[in-house]
Structure formats: C-alpha cells, structure tokens
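[1] Sequence unavailable; structure follows:
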C-alpha cells in the first residue's frame, strides 16, 4: 500500500517515514505542503494519507476538506497529526471527515494502532 506523508517540516516527514518503515510500510511518498499533496493525490493512488495540521499555505484541515470534496479522492483514508490536543481541533477534523487523529509526539506502536484502526486490519 502506498502512503503519502504531508508535513511542511522535512524532519517530521523523515520521522514518520522511519516509523512507517519500522511497522512494515515501505512504499511511502512525501509532500511538503497541502497544494503539492493534492497534486500528488490526483496523479497517483494512495491507500492512506498522513497529514500535519499546521502547514502553510494550506493547512491539514483545508487539505482534508479538499480531499473529501473531490469525488475521486473522497474515500481516501486520512490520519491527521497535530502537536496540540485541543478539543476544537479534534472536533473540526472529525466534522471534516478525518478517519483518525494522532497527537505528537507518537511512537511506532501508536502509529500502527491508528493505521490498523483506519484500515480495519
């Protein structure tokens, strides 16, 4: 399964990629912003998208809304990552159609649990 990791910090993309590799996911692509991610999603099929909430110029929440509004992409499993566990962020993400939500920092076990929950494994 191909996974797209979207974060504006290259270090965080590398950390998530390494965690994914640890739990057995090696087909991982990256995007440094929501605009690039949307372009990649429209060009290739991904089984899962893992996106940081805080990005510019398009936030993770805006990217989620764009994906859910696009008929071809609307069913793409989506995990939101955020450094804050603010209730209003979680609620906004749920209302926008997020499949799961992870608060930083997290480890490989947490990521694995969230992925399995989203994919029904």
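    Now that the structure is in, tell me what you want to look at. The structure presented is a predicted model; accordingly, all values stated were derived computationally and were not measured. Residues are numbered from 1 along each chain as shown.

[2] quick one: the strands in the protein?
    Assigned by DSSP state E, the chain shows strands spanning 3-6, 28-31, 48-52, 78-82, 100-103.

[3] what's near enough to touch the most centrally placed residue in the chain?
    The chain has residue 50 as the residue nearest its centroid, 1.6 Å off, counting by C-alpha atoms, centre = their mean. Counting by C-beta atoms under 8 Å, 6 or more residues apart in numbering, residue 50 touches 3-6, 16, 79, 81. Any C-beta I mention is one placed from the backbone N, CA and C, and that applies to glycine too.

[4] Which of the residues you listed ranks first by neighbour count?
    Highest neighbour count within the contacts of residue 50, by other C-beta atoms under 10 Å: residue 6, with 28 neighbours.

[5] Confirm for me that that one is in contact with residue 53.
    No: the criterion here is C-beta atoms under 8 Å, and residue 6 misses it with residue 53 at 10.4 Å.

[6] what touches both of the two?
    Common contacts of residue 6 and residue 53, defined by C-beta under 8 Å, 6+ apart, comprise residue 60.
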